[in-house]
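Enquirer: Need coordinates for the below:
(chains A, B and C)
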Amino acid sequence: MFEAVLLTVITAATPLLIAAIGELVVERSGVLNLGVEGMMIMGAVIGFAVANQTGSGTLGVIAAVLAGMAMSALFGFLVLFLVANQVATGLALTILGIGFSGLIGEAFIGVPGLKLPELYVPGLSDIPFIGPVVFQQDVIVYLSFALVAGVAYTLFRTRLGLVLRAVGDNHGSAHALGYSVVRIRFLAVLFGGACAGLAGAYMSLAYTPQWVENMTAGRGWIALALVVFSSWLPLRVVVGAYLFGAVSVLNLHAQAVELDIPSQLLSSLPYLATILVLVLISANRRLTLVNTPACLGKPFVPDR
Amino acid sequence: MVQHTRSGKDTLLDARGLTKRFGDILANDRVDLVINKGEIHALLGENGAGKSTLVKMFYGSLEPDAGEILWQGQKVEIDNPAAARDLGIGMVFQHFSLFEALNVVENIALALPNPGKMTDLAKRIETVSRDYGLPLNPSDIVADLPVGIRQRIEIVRCLLQEPQLIIMDEPTSVLTPQEADQLFLTLQRLAGEGCAVLYISHRLEEVKRICHHATILRHGQVVRECDPTKETPASLASMMVGADVASVSATAQKPKLGQVRLGLHNLSARARTPFATALNNISLELCAGEVVAIAGVAGNGQGELFDAISGEMPVAPDMVRIDGKSCGSRNITWRRKQNAAFVPEERLGHGAVPGMKLSQNIVLTRHSTGDRLAGGGFVSTARASVLEKRVRQEFDVRMSHDDPEARSLSGGNLQKFVVGRELDRKPGVLIVNQPTWGVDAGAAALIRQALIDLARAGSAVLVISQDLDEIFEIADRIAVISRGYLSAPEPAEEMNRERVGLLMAGGAEAQGEVA
Amino acid sequence: MRLELVKRKEHSRTMALLSPLIAIGLTAVAAAIIFAVSGHNPATGLYKFFIEPLTSEWSLQATIDKATPLILIACGLAVCYLSNNWNIGAEGQFVLGALFGSALPILFPEFENGATLPLMLLFGAIGGALWALIPAVLKTRFNTNEILTSLMLVYVASLLLDYLVRGPWRDPGGYNFPESRLFSDSATLPAVFGGMMSLATPITIAIALILSVVLARTLKGFEIRVMGESPRAGGFAGFSSRRLTLFSFAIAGGLAGLAGTMEVSGELNQLLPTISPGYGFTAIIVAFLGRLNPIGIIVAGFVLALSYIGGEGVQSAMEVSNKIASVIQGLLLFFVLACDTLILYRIRVISHRAPAGEVSHV
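Expert: Okay, here's the model as predicted:
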């Protein structure tokens, strides 16, 4: 039974993890993209639609990633080239994404979904308990951990990561030294979009293989909170994602145990937990001030 | 022209006819400049003359609209800082391009095209920095370092690339006199090794001391060249400004002192953020009729002190007294009602709202001070306009059209407005932080005279400044702030630059701790 | 060939007026493209979407009814955004206002007199304000980002509404449908001007006009604008950013709550599991399209209400999904934000050598 619970936690945590790690990279470069929810839901609908039409889960995932990148490119154009207000533009991206996904998804409501293949390692996957949990997950779950490791390594051990962190710390200095702030941020934004799209695809192709309108239900926003919670450190994102994953499946399992708590209360726990976590982190002013990328959300216009 | 006779086989950089325009401002107008090997070449001019713009073109941060640059006899196009560095040109910016969250090694690595392994780089940094008398610890995080050390990072960053020309933009504006001396030794050593230095400054004493040759810019054009060792500061100044600068008629007579108008008693405050400075037991009394100056290098608590006196940072009630009334916990509007006035360091974003018109900026500080600008909750735009016109005329604020937005004014004009807005109230106590930073000589002279006149009329004036020239020009008494401690103020005649420098470097703290 | 932004010396007043119009124009073009791509006649689509709703009395009424809550909520949001408080939770404040306002007729159905409606509206405003004060207090006391907290509370509010309507507040005589009892006449917002519009509309317009005066002419309005643009200058002026945050959230929440109560006591006449087609979010678009100015918001609210009615119109006439309305709304916001750049910057075309300032070794 515990095994079953753990499996659901992994499934709930994975989209949060992927979306959050993408946004972490974006914010480390100094950009605040509030459009994660919009990009995620577009990833979900496009992934589902393409998988359904082509019969291939893989193509669905690829299409979702591209959809996320396309939306983030639009965001990047407005915010990095036209120097539009980052908060408002991110909101616009979310509103647009939710609207578009509703439009595209209408044709797919109630249509049975395509589930992504699971890994199967003969021998290893058969070990009781550890087998199914560790060796029999969707490909994307393994990918999520690889992403975190990759981001952690790149950010702190490579030149590219150093430059990215520098741009997020002081874009004026980076520009004075000759780095293209706009280009680096744009690449970071695209990466964030790809991750959000992937997270969305996971939701409609693995989590519950179907399309429901508004199915991300605020997970993109929770991912944004996770980035703050992690103090912009990749490994802490894993902790946060799994904690939230656990909280969000309480509803599911409470019903099985026949607790007499209204389901709406249980459903609201992830959102209340998010608020609580945000308060705790931000109450520690020293922690926030020291770790926040100094240029987060500040517009940049180079003088030529 | 003088320039072309100076170029020869020892010439490193030969700039011809460089022009750069920003909108309708012509920042550089057909500038010629020649720099030879081993020469410390001064680039003089007041704020706004075009010095920074010119050197940014040498460093590849800006592209010239017209003109050409020859490097060692060959025409070159310096497209970006990397290209400049490849040629052998390095630059130490006035406003450092450092990354606070990263350490020394990472900061330097970011400026190098081929940093190599971080551990090797760290060793090189240690060696080179020690060699040139500017030692650095590679693993320090920049945010924890004081300004003087940060500048070393910039310099060592340059030196590691073995430049042939180093451009330094106002390097001593953030140094104590002793640190400046150390810097001059380093520069002279570099020149001896054949490296050229392009030294931008408006500090004429320094230029006379160390520079071999000077080019003077005014309004974007080269107006003179000379050998600074053969000139006096006065002659250099008049070349920079183009006329005789009205010298401030200050402390000819001893001021007649009246009551204590501003009192600071054991003023202490914790640092508000991890990067701020705590205030430690500051005590000071200002009497009617005098100008007291607080000298100090940036980052030693000036801003915090200003905020404590203005009311933006509340402290214990008795720590700040205006005309005898305790007001340490009162807000800024209350203090203004006691006829105190304040001018902060940052004119755009703190002293004035950049995107709002001047008449609206009048309302900013005077909505509750008896000018009837906000009767019954409604703002009277008519009365605000009247005040704005009055301030504009009295303080010679120049603008392109009526009642513009604050940010379209030049630095000097906006500063005249911000200072004039407060002086127009004839305050009993005035506190100013960096009164003439970034302001042209004419406006600076006007502002300084106005401060003295206000004091002589019976007010108490407190000036916080990083500019020692200014301080010695207008102050009756001088104190020094260092790491949040204030030294005991002394009469200006009994102070000199050396003593001030020592206090800046730690003497003030020693005094404060003993007291 | 390269495009470059050049900062203007001052805000361009012409562009401030033109930019919303250009944005609407660009949205119309985009809408036409969407219609064409999905196999429908673009001209018909645009006509049915934007013009037809204005042609019949019925649809004009429906547009005004839809515009009213949008305008009221957006006015409150304008106060927040002008002072740099990013209140994204108006949707939740709308719901909480409706809950507080409906408590009276639902819990005390016998309380029927002239005071019922005014009390409902008052409670509704208080309810919305209280819900909005939660993120405000978290921001002032703990420095918590108000965007995420106000948004999380939207989900919580919806769940609370769902729980109440399906549970304790369900109509006992309602055959188990998830809805509350119907409100009596004294708890219903009357129609005015010969049935042309609900009382909600004049109330809303009056509030918008009052707010317009406050923002433009009073010291409070000055405080709001200064704090939004330069918080340090605001502190220097003696204004308190803490108090302003609480004030602006309370106003926005109160207005959203009032809108929620008026919607529930007018149009709907009862509580249902969903009482808003996303008004709280569309109001964000209205606020920006109206340039955060209550007069502009009145017009912008009307334009966006048009898109709701137009969406239903194209659905019935052309078999296009009415979701196209939310797509067009999102596009509109995008274009507004893009065009707003022109207020502060000019676009310059550069046509000579290679872009400089980029380092090859990244």
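
Enquirer: what about the most centrally placed residue in chain C, which SS state?
Expert: Residue closest to the average C-alpha location in chain C (C-alpha atoms, centre = their mean): C:Ala283, at 1.3 Å. Here C:Ala283 is recorded as helix under DSSP: H, G, I helix; E, B strand; the rest coil.

Enquirer: elements contacting the host helix or strand of C:Ile298?
Expert: In this assignment (DSSP states H and E), C:Ile298 forms part of helix C:294-318. Here helix C:294-318 touches helix C:13-37, helix C:42-46, helix C:57-82, helix C:200-217, helix C:279-289, helix C:324-344, going by 3 or more C-beta pairs under 8 Å, 6 or more residues apart in numbering or on different chains; DSSP states H and E. Quick note: C-beta positions are derived from backbone N, CA and C, even for glycine.

Enquirer: Who are the packing partners of the first one?
Expert: In terms of contact count using 3+ C-beta pairs under 8 Å, 6+ apart, helix C:13-37 is assigned the packing partners helix C:42-46, helix C:294-318, helix C:324-344.

Enquirer: quick revisit: mean confidence score for the helix holding C:Ile298?
Expert: Averaging pLDDT along helix C:294-318 gives 89.

Enquirer: What residue in the stretch 201-350 of chain C comes nearest to chain B?
Expert: For the stretch 201-350 of chain C, the residue closest to chain B is C:Gly238, as judged by C-beta to the nearest C-beta, at 3.6 Å.

Enquirer: In CSV, list the helices and strands packed on helix C:13-37 along with mean neighbour count and distance to A:Leu278.
Expert: Listed next are the helices and strands packed on helix C:13-37 as CSV, based on neighbours: other C-beta atoms under 10 Å in any protein chain shown; distance: least, C-beta to C-beta, whole Å:
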stretch, mean neighbour count, distance to A:Leu278
helix C:42-46, 16, 43
helix C:294-318, 22, 30
helix C:324-344, 24, 26
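
Enquirer: Out of these, which gets nearest to B:Gly438?
Expert: helix C:324-344 (22.9 Å; C-beta to C-beta).

Enquirer: Rebuild the helices and strands packed on helix C:13-37 as CSV, extending it with distance to A:Ile184.
Expert: Shown next, in CSV, are the helices and strands packed on helix C:13-37 (distance: least, C-beta to C-beta, whole Å):
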stretch, distance to A:Ile184
helix C:42-46, 39
helix C:294-318, 36
helix C:324-344, 21
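
Enquirer: picking that back up, most tightly surrounded among the helices and strands packed on helix C:294-318?
Expert: Highest mean neighbour count of the helices and strands packed on helix C:294-318: helix C:279-289, a mean of 28 (counted as mean count of other C-beta atoms under 10 Å in any protein chain shown).

Enquirer: quick one: contacts of it?
Expert: Here helix C:279-289 makes contact (C-beta atoms under 8 Å, 6 or more residues apart in numbering or on different chains) with A:88, A:91-92, A:95, C:20, C:23, C:69-71, C:73-74, C:77-78, C:81, C:88-94, C:154, C:256, C:259, C:263, C:296-297, C:300-301, C:303-304, C:308, C:329-330, C:332-333, C:336-337, C:340.

Enquirer: Around chain B, pick out the residues from the stretch 51-200 of chain A.
Expert: Residues of the stretch 51-200 of chain A lying close to chain B by C-beta under 8 Å from any C-beta of the partner chain are A:159, A:162-163, A:165-166, A:169-170, A:172-174, A:176-179.

Enquirer: Now the buried members of these.
Expert: A:Leu162, A:Val163, A:Arg165, A:Ala166, A:Asp169, A:Asn170, A:Ser173, A:Ala174, A:Ala176, A:Leu177, A:Gly178, A:Tyr179 (16 or more other C-beta atoms under 10 Å in any protein chain shown).

Enquirer: Also near chain C: which of those, exactly?
Expert: Okay, of these touching chain C (C-beta under 8 Å from any C-beta), that's A:Val163, A:Leu177, A:Gly178, A:Tyr179.

Enquirer: just the residues you listed now: which is nearest chain B?
Expert: A:Gly178 (3.7 Å).

Enquirer: Phi first, then psi, for the closest one.
Expert: phi 100, psi 10 (degrees, to the nearest 10).

Enquirer: the helices in the stretch 151-300 of chain A, which residues?
Expert: In the stretch 151-300 of chain A, the helices defined using DSSP state H, counting those that start in this stretch lie at A:159-169, A:171-176, A:181-202, A:219-229, A:234-257, A:263-283, A:285-291.

Enquirer: Adding mean pLDDT, write these out as TSV.
Expert: As requested, the helices of the stretch 151-300 of chain A are exported to TSV (pLDDT from 0 to 100):
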stretch	mean pLDDT
helix A:159-169	95
helix A:171-176	89
helix A:181-202	96
helix A:219-229	92
helix A:234-257	84
helix A:263-283	89
helix A:285-291	73
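
Enquirer: Would you report the backbone torsion angles of the closest residue to C:Gly167 other than its chain neighbours?
Expert: Closest residue to C:Gly167 apart from its sequence neighbours, by C-beta to C-beta, 6 or more residues apart in numbering or on different chains: A:Pro262 at 6.9 Å. Dihedral pair for A:Pro262: phi -60, psi 140, per degrees, to the nearest 10.

Enquirer: ditto for B:Gly116
Expert: Dihedral angles (degrees, to the nearest 10) for B:Gly116: phi 70, psi -160.

Enquirer: what bridges to B:Val463?
Expert: In this entry, B:Val463 is beta-bridged to B:Ala293, B:Val432, by DSSP bridges.

Enquirer: Just the pLDDT for it.
Expert: 97.

Enquirer: With B:Ala250 instead?
Expert: At B:Ala250, pLDDT is 56.

Enquirer: quick one: the strands in the stretch 301-450 of chain B?
Expert: All strands of the stretch 301-450 of chain B, identified by DSSP state E, counting those that start in this stretch, fall at B:320-322, B:325-326, B:340-343, B:429-433.

Enquirer: what residues does the shortest one touch?
Expert: For strand B:325-326, the external contacting residues (C-beta under 8 Å, 6+ apart) are B:Pro317, B:Asp318, B:Val320, B:Gln338.

Enquirer: Which residue comes closest to the second one once chain neighbours are left out?
Expert: Which is B:Asp318. Counting by C-beta to C-beta, 6+ apart, the residue nearest B:Asp318 is B:Ser326, at 4.9 Å.

Enquirer: partners of the one you found in the sheet?
Expert: Beta-bridge partners, per DSSP bridges, of B:Ser326: B:Arg321.

Enquirer: ok, back up a step: possible to save the helices and strands packed on helix C:294-318 as JSON lines with mean pLDDT?
Expert: Output for these, formatted as JSON lines (pLDDT from 0 to 100):
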{"stretch": "helix C:13-37", "mean pLDDT": "88"}
{"stretch": "helix C:42-46", "mean pLDDT": "84"}
{"stretch": "helix C:57-82", "mean pLDDT": "94"}
{"stretch": "helix C:200-217", "mean pLDDT": "96"}
{"stretch": "helix C:279-289", "mean pLDDT": "93"}
{"stretch": "helix C:324-344", "mean pLDDT": "88"}
